[in-house]
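Peer 1: any chance you could fold what I've pasted below:
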Amino acid sequence: MKTILAKDLSPMETNAWLCGGITPRPIAFVSTINSEGSRNLAPFSFFNAFGSNPPTIAFAPNRRGRDGSLKDTYRNIKATEQFVVATVSYAMTEQMNISSADYPSAIDEFVKSGFTPEKAKFIMPALVKESPFQMECRLNQIVELGSGPGSGLMIIGEVLCFHIAEDCLLNNLPDPERLDQVGRNGGSFYTRAYGEALFKVTKPVGKPIGYDALPASLKKATFLTANDLGRLANSDHMPSFGGLRSPEDAELGKEELEQHIAEALQYHRLDDAWYWIYVYTSK
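Peer 2: Presented below is the predicted three-dimensional model:
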């Protein structure tokens, strides 16, 4: 594995490594106003949620890498202590990209990028009509991580309310498939959270047996992937079998049994997987 020392990199090179290695990153599409009420809209991918009581999010409109200057989003939030964070759906991507350009402060990115401002309920900055999920936020604090080019400026905000398009709800909660959100990768690459890109992983219940409890023969099995072993290790117990379900099972060949095991794990049928492992290891 190659090692790169952060102290040997320029701020621009460091940013490329951070953005290329920490992926995908959710996008905060941030709507603000200045002290005179002029609108600003800009995307930031150094963003996430950090607590639920109170509901807290943070994003970083960092100093510009070329000269360390401050961005309008930072100035506006410092002046008004209010902002909207909208998420970005796949359908919004190209228009959102326009708003990332470094326009003069007097330019309204809502107009430039073609998005529709809507009145918020509790704060002055506008909602983004086209966004399926957004939050009205009040500034909690600003953490300045440096004063040079590319230095971090962390905006921490408390969420006052959530807005979601009703057709993006499933069981009264946000549905990832319907939100169809995009995230940032390195360079010009994005990730779309939709279709086959989405998958479920069952959260451990109780105390799983763990990887260390798996038989050594399973850990050495070349037909099992690391994810396969992880699914088996997530079992709450290692079942025992008193015999075969069918006499014909004893006649199955090694490759057929391996296929049965792999298929059962693929479809999260752990009891079946353990049974076929029992047959496999009994030969």
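
Peer 1: ok, residues contacting the host helix or strand of residue 138?
Peer 2: Here residue 138 sits within strand 133-144, counting by DSSP states H and E. Applying Cβ atoms under 8 Å, 6 or more residues apart in numbering, the contact partners of strand 133-144 are 29, 56-57, 74, 77-78, 81-87, 120-123, 127-128, 151-165, 168, 174, 179, 181. Where C-beta positions appear, they are placed from N, C-alpha and C, glycine not excepted.

Peer 1: in helices, which of those residues fall?
Peer 2: 74, 77, 78, 179 (DSSP state H).

Peer 1: could you find the closest non-adjacent residue to the second one?
Peer 2: Spelled out, it's residue 77. residue 83 (5.2 Å; Cβ to Cβ, 6 or more residues apart in numbering).

Peer 1: from residue 124, how far out is the one you found?
Peer 2: 10 Å (Cβ to Cβ, to the nearest Å).

Peer 1: of those two, who's got more company?
Peer 2: residue 83 (28 against 16; other Cβ atoms under 10 Å).

Peer 1: who is that one paired with across the strands?
Peer 2: residue 137 (DSSP bridges).

Peer 1: quickly note the distance from it to residue 127.
Peer 2: Distance of residue 83 to residue 127, computed by Cβ to Cβ: 11 Å.

Peer 1: now for the residue nearest to residue 77: which residues touch it?
Peer 2: Going by Cβ under 8 Å, 6+ apart, residue 83 touches 30, 31, 32, 73, 76, 77, 123, 125, 137, 139, 155, 157.

Peer 1: from what I can see the last one touches residue 61, true?
Peer 2: No. Taking contacts as Cβ atoms under 8 Å, residue 157 lies outside contact range of residue 61: 12.0 Å.

Peer 1: quick one, strands of the stretch 51-200 of the chain?
Peer 2: In the stretch 51-200 of the chain, the segments counted as strands under DSSP state E, counting those that start in this stretch are 55-59, 82-86, 117-118, 127-128, 133-144, 153-164, 169-170, 173-174, 182-184, 190-192.

Peer 1: from the middle of its chain, how far away would the fifth one be?
Peer 2: Spelled out, it's strand 133-144. Here strand 133-144 shows a centroid-to-chain-centroid distance of 19 Å under the convention Cα atoms, centre = their mean, to the nearest Å.

Peer 1: in it, which residues are buried?
Peer 2: For strand 133-144, the neighbour count (16 or more other Cβ atoms under 10 Å) marks 133, 134, 135, 136, 137 as buried.

Peer 1: and which of the residues you listed is nearest residue 95?
Peer 2: residue 134 (15.3 Å; Cβ to Cβ).

Peer 1: apart from its chain neighbours, what residue comes closest to the closest one?
Peer 2: If the residues on either side of it in the chain are set aside, residue 134 comes closest to residue 86, at 3.9 Å by Cβ to Cβ, 6+ apart.

Peer 1: and for that neighbour, the neighbour number?
Peer 2: Neighbours of residue 86 using other Cβ under 10 Å come to 26.

Peer 1: residue 176: how many residues sit nearby?
Peer 2: By the criterion of other Cβ under 10 Å, residue 176 has 14 neighbours.

Peer 1: let's number from 39 now, not from 1
Peer 2: I'll keep to 39 as the first residue from here, and by that count the last item is residue 214.

Peer 1: wait, doesn't it sit right on residue 233?
Peer 2: No. Taking contacts as Cβ under 8 Å, residue 214 lies outside contact range of residue 233: 10.6 Å.

Peer 1: ok so, going back, CA atoms only: put the strand holding residue 176 into PDB for me.
Peer 2: The C-alpha trace of strand 171-182 is given here as PDB (Å, rounded to 0.1, in the frame of the first residue of the first chain):
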ATOM      1  CA  PHE A 171     -35.400  17.100   0.700                       C
ATOM      2  CA  GLN A 172     -34.200  20.300   2.500                       C
ATOM      3  CA  MET A 173     -33.700  21.800   5.900                       C
ATOM      4  CA  GLU A 174     -34.100  25.200   7.400                       C
ATOM      5  CA  CYS A 175     -31.200  25.900   9.700                       C
ATOM      6  CA  ARG A 176     -30.100  28.400  12.300                       C
ATOM      7  CA  LEU A 177     -26.300  28.900  12.900                       C
ATOM      8  CA  ASN A 178     -25.000  27.200  16.000                       C
ATOM      9  CA  GLN A 179     -21.300  28.100  15.600                       C
ATOM     10  CA  ILE A 180     -18.500  28.600  13.200                       C
ATOM     11  CA  VAL A 181     -15.300  26.700  13.600                       C
ATOM     12  CA  GLU A 182     -12.300  28.200  11.800                       C
END
